[in-house]
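> next input, structure requested:
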Amino acid sequence: MTSHQSTQTMKPATAAKKLGVYLEATPAEFREGVVSRAELNELQANPPQWLQDLRRNGPHPRPVVAAKLGVSIAGLARAGVTEPLTTEQIEALKQEGPEWLERERTTQAEVRKEAVRIKKKNAERKA
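Next up is the predicted model:
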């Protein structure tokens, strides 16, 4: 008995999320088709020029913007940042150093510190 393995495919939105790019900025042929697991692996291993440009210059999706600014996605929402930003816009925000950005970075640092404390406490319990 032989098993027939079907090709695993995903929607363009899922593939864009896995690639860390903003779907609306991708080429039309990417947005309008489906992406197989093999195609996704190839895009990750050998990114075409459009993917390299998007990763370098943006516009970037919210998770990438949040990571580049050192804040949470919720922090972006609290600050009213709902649109994708380019690398240039992110750098400008870093240079300006608005009060909300400093506040959200502090909050994010506290959350990370608390997560480490809880993880350590749980590890000590198990030991």
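
> for the chain, which segments count as strands?
All strands of the chain, identified by DSSP state E, fall at 9-10, 35-36.

> out of these, which is the most enclosed?
strand 35-36 (a mean of 18; mean count of other C-beta atoms under 10 Å). All C-beta atoms are positioned from the backbone trio N, CA, C, and that covers glycine.

> who wins for proximity to Lys121 among the strands of the chain?
Of all the strands of the chain, strand 9-10 sits nearest to Lys121, with 38.0 Å by C-beta to C-beta.

> and the contacts of that closest one?
18, 34-37, 40 (C-beta atoms under 8 Å, 6 or more residues apart in numbering).

> ok, back up a step: just send the strands of the chain back as TSV, with distance to Ala123 and mean pLDDT too.
Formatted as TSV, these follow (distance: least, C-beta to C-beta, whole Å; pLDDT from 0 to 100):
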stretch	distance to Ala123	mean pLDDT
strand 9-10	36	85
strand 35-36	39	87
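
> any chance of those in CSV, plus distance to Pro27?
Shown next, in CSV, are the strands of the chain (distance: least, C-beta to C-beta, whole Å):
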stretch, distance to Pro27
strand 9-10, 17
strand 35-36, 12
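
> could you dump the contacts of strand 9-10 to TSV with distance to Thr9?
Shown next, in TSV, are the contacts of strand 9-10 (distance: C-beta to C-beta, whole Å):
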residue	distance to Thr9
Lys18	13
Val34	4
Val35	6
Ser36	5
Arg37	8
Leu40	9
